[in-house]
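Q: Predicted model, plus sequence, below.
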Amino acid sequence: MARQHPLDKVRNIGIMAHIDAGKTTCSERILFYTGRLHRMGEVHDGAATLDWMVQEQERGITITSAATTCEWRDHQINLIDTPGHVDFTVEVERSLRVLDGVIGLFCAVGGVEPQSETVWRQAEKYEVPRICFVNKMDRVGADFFQVVNQIQKLLGANAVPLVIPIGAGGEFRGIIDLIKSVAVYYDETDKGSTFREEALTPEQAEYAAPWRQNLLERVAEIDDSLLEKFFAEQPLEVAEVMAAVRGATHKHLICPVLCGSAFKNKGVQRLLDAVIDYLPSPVDLPPVIGNCLAGNPIERMPKDDGRLAALAFKVVADKHVGKLIYVRVYSGTIQAGSYVLNSTQDRRERVGRLFRMHANRQEQVDCLYSGEIGAVVGLSETVTGDTLCCEDEPIILEAIDFPSPVISVAVHPISRSDSDKLQTALQRLADEDPTFIVSSNPETDDTLISGMGELHLEIILDRLKREYGVGVTSSPPEVAYRETITSAVDIEERLRKQSGGHGQYAHVVFRLEPMEPGQGFEFVNDVKGGNIPKEFIPAIEKGVIQAMAAGVWAGYPVVDVRVILVDGSYHEVDSSEMAFRTCASMGFKKGFMKDNPELLEPVMSLSITTPEEYAGSITGSVCSRRGRILGMSKQGNAEVIKAMCPLANLFGYTSDIRNMTQGRAGFTMQFEHYEAVPFAIAEEIIEKRRKRDKERQQR
C-alpha cells in the first residue's frame, strides 16, 4: 500500500490537560468533524470513542492513552488522547516522548490547575511545541483572559491569543479570529459542523483591536522583515503573520492560544486549523539522534528510504491479537513479515501484523512509514523504551524516563486456582505499565504491587478481576520490623534426651551482647581446651542463626547481636551436630527474652517538594506521623523539606499530601536506618502479629 500523505502533511499530536478539562470531549469532536465518526459519544454517558476501557466508561475519566488517525485539510493527523489524573502521568510521559506537537487544554473556569503544570513540564522536558485551547467557555465563571494570564505567569509561556471569545458563560456565541479579523459563529442545529465567518461589527473591532495589536507586536519581535513593516505601519498579510506564528511556535518562542467549547461544538474546527497551520510535521523538526553500539551519536533523517529507526513506547496485551507494541517510526519503514533488530536487547525479531489504531480497534496495514505511529504484533521480547532498527546499521534511541512508584499494597489470592493465575496476570500488567512494579517480601510472605497512587492500584485490582478472572484481596503491606537486645546477658543451656539407643546431649555456655545499629551479627568462638569439639562449633552458629531468622519476641528477624561462645561440654556417644544446633537455638531464645528485647522499625528519609504556601501544612503532617524535620531549602519557587519518618506511618501519605496541596506537592523516600519502636506501640504491633499468625495457622 502506497503512502497516502506526504511526510510534510503528517501531524503527530497529543492532547494534555488536568483531569476534567475536556480532553476526551474535544477528541470526540475532532473525530466527528474530520469524518472519523458519524455520531459523537459523550464522556458522561460512557460512550466516548477513545475512553474504551470499562473502567474509563464507569468513572468518566481517561486511564490509558488512546491513539487514532484522522484527516483534516488533506493532512493526516495521528492523535493521542492522554489521561489527566496524576496517577496515570506515565501515559503522558511516554506519549510526549514520541509526539511532534501537543495541544494544552485548559478549563476556562479552573485555568492552570495542578496537573496542567505537571504535563506542561513534561512537554518542556521533551521540547515538544505547544498550542493552547481554553475550553468550556460556555460555563458560568469562564474567563479566557485570566487563563491566558495564568499560562504566562504560572507556566512561563509566551501565550499569544490568536482568537478571543465573543461572550462567555451562557452568552458565549462564537470567536473572533485576530489574524483574519473575522467573527466566527457555529450552527447549533448540525452540532457545529457548519460555521460562518462575518465581518466584525464596530463594537467587535474595538474589542479586538488591542489583542490584534498584541499579536502583531509579538510576531514582529521575532521576525525582522515583519518588524520593519510593523514600524513602517505597513499592513501585514495574513499568510506572513501565519508563517511567523508557525516558525515561532516550532522554536518555542510563542505559544498560540485559542478558545471554544468542545461540549457546545464551538471552536474545534479552528483548533484543527491551528494544528495544521502551526504545529510541526516530522520534517520541520531536527533529525532524531541516537547512539550506535559503540556509543557514538548518530542521527536519522525522517525519510521513507532511510535506515530504520523506531521507538517502542507502549505495550498492550490485547485478548484478540496478543501483545501489541505501539511504535513511532522516525526513519525508514516497517513492513509486515520483515525482520528488525531490537538494538536495546540485541535481539532479532520478526514483525507479524501491522496496525493503525483507532482506540482499541485495529486497522491492518502492510507498512508503517517514516513519521507514523502504529502497532506491531509479533515482537515477543520487545518492551517499552526499546529501539527497533535495521540490522546492518544499528542505532539505540534515547529511552523513556519513568517515575518511581510511590504507594504499595499487599495482594493475596482468594483461592488456590487464583494463586496459580495471579503471577502470570501481574506480570502481563507490569509489561504494559512501567510504573507498576510487582515484588515479593520473603519475610512477610506478601506479594506487593506498587504504583503511582491509590486509583492506579484500584484500577489494577479491577483489571485482575475483570480481564484475567483472578480474585484477590488487598491490604497494606506489612512493615519489615526487626528485633534486638539492649544489654548483655550470660546463658547456659543443656540438652539431654534419652529414648533408646543413642540419645541427644549438648551443653553450651555463651554470652549475648548488643552491637552498634547496622552491624548485623557476629559469632565469636572463645572455647578453650577442647570442651566442645571443633566439628560442633559450626552447628552451634547455625542454631543461633536459625533462631535469629525466625525471631524470638515478635517473630521478626533479630539483628545487631554478638554471640560469644564461652564454654560447654559434650558426650562421646550422644553428642551430634543436630543436638548442638538445637541446644544453641533454645539457649539463644531464652537468653534473648531475659535481655530486655527491643523492636526496631525502618525509618525513611523524605524529600518533599511543595509550593511555599503549603510548607506549614506539610511539616505539620510529617510531625503528626512521628516524623521529624531535618531542614528546609528553596528550589525555584518551591520549598524542599527534608525529614525522617517511620515507614509504618507513611502508608497512604501519597494521597494525603496530594489532598493537602491540590496535587502540587510530591515526595521521594528511601530507607535510612532502623530505630527503636516506642514500647506502647511495640506491644500493639506484637499483638497484631500474633493474631495474624494464629489466623494463618487456622487457615
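A: Sure thing, it's come through. The shown structure was predicted, so the numbers you read here are calculated from the model rather than taken from an experiment. Numbering: from 1, shown residues only.
Q: CA only for contacts and neighbour counts going forward, please
A: Will do.
Q: any idea how far residue 28 lies from residue 36?
A: 9 Å (CA to CA, to the nearest Å).
Q: so residue 422 sits right up against residue 411, yeah?
A: No. Using CA atoms under 8 Å, residue 422 is not in contact with residue 411; the gap is 9.5 Å.
Q: all strands of the stretch 551-699 of the chain, in order?
A: Here the stretch 551-699 of the chain has its strands, by DSSP state E, counting those that start in this stretch, at 561-569, 597-611, 628-635, 638-646, 666-676.
Q: Within its sheet, name the partner strands of the fourth one and how each one runs.
A: Just to be clear, that refers to strand 638-646. strand 597-611 (antiparallel), strand 628-635 (antiparallel) (DSSP bridges).
Q: list the buried ones in that strand?
A: 638, 639, 640, 641, 642, 643, 644, 645, 646 (16 or more other CA atoms under 10 Å).
Q: what separates the fifth one from residue 558, distance-wise?
A: This means residue 642. 30 Å.
Q: hmm, back to that, can you list the strands of the stretch 551-699 of the chain in a markdown table and add mean pLDDT and distance to residue 23?
A: As requested, the strands of the stretch 551-699 of the chain are exported to a markdown table (pLDDT from 0 to 100; distance: least, CA to CA, whole Å):
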| stretch | mean pLDDT | distance to residue 23 |
| --- | --- | --- |
| strand 561-569 | 91 | 59 |
| strand 597-611 | 85 | 26 |
| strand 628-635 | 85 | 31 |
| strand 638-646 | 86 | 28 |
| strand 666-676 | 77 | 24 |
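Q: With respect to residue 202, which of those lies nearest?
A: strand 597-611 (45.2 Å; CA to CA).
Q: who's more crowded, residue 28 and residue 36?
A: residue 28 (26 against 16; other CA atoms under 10 Å).
Q: looking at this, that one is in a helix?
A: Yes. According to DSSP: H, G, I helix; E, B strand; the rest coil, residue 28 belongs to a helix.
Q: so how many other residues sit close to the closest residue to residue 405 other than its chain neighbours?
A: Distance criterion CA to CA, 6 or more residues apart in numbering; nearest residue to residue 405, sequence neighbours excluded, is residue 451 at 4.5 Å. Each residue near residue 451 was counted by other CA under 10 Å, and the total is 25.
Q: Backbone dihedrals for residue 451, please?
A: Note on residue 451: its backbone torsions stand at phi -150, psi -170 [degrees, to the nearest 10].
Q: any idea how far it lies from residue 429?
A: From residue 451 to residue 429 the distance is 12 Å (CA to CA).
Q: Give me the common contacts of the two.
A: Shared between the contact lists of residue 451 and residue 429 (criterion: CA atoms under 8 Å, 6 or more residues apart in numbering) are residues residue 436.
Q: Quick check: next helix or strand after the helix or strand of the chain with the lowest mean pLDDT?
A: Ranking every helix and strand in the chain by mean pLDDT, DSSP states H and E puts helix 54-59 at the bottom, with a mean of 60. From helix 54-59 onward toward the C-terminus, using DSSP states H and E, the following helix or strand is strand 66-72.
Q: next SSE after that next one?
A: strand 75-81.
Q: Name the strands paired with that following strand and say parallel or antiparallel.
A: In the sheet, strand 75-81 lines up with strand 10-16 (parallel), strand 66-72 (antiparallel) (DSSP bridges).
Q: tell me the contacts of the residue most central in space within the chain?
A: For the chain, residue 90 is the residue whose C-alpha lies nearest the centre (CA atoms, centre = their mean; 3.4 Å). For residue 90, the contacting residues are 402, 403, 433, 434, 435, by CA under 8 Å, 6+ apart.
Q: what about residue 413, neighbour count?
A: For residue 413, using other CA under 10 Å, the count is 18.
Q: Need the pLDDT of it.
A: Listed pLDDT for residue 413 reads 85.
Q: swap in residue 236?
A: The per-residue pLDDT of residue 236 was computed as 85.
Q: Count the residues that sit near it.
A: 15.
Q: My read is that it contacts residue 227, right?
A: No. At 9.9 Å, residue 236 and residue 227 do not qualify as touching, with contact defined as CA under 8 Å.
Q: Neighbours of the closest residue to residue 89 other than its chain neighbours, how many?
A: Counting by CA to CA, 6+ apart, residue 89 lies nearest to residue 83, which is 7.1 Å off, once chain neighbours are set aside. Applying other CA under 10 Å, we find 27 residues neighbouring residue 83.
Q: All good on my end, thank you.
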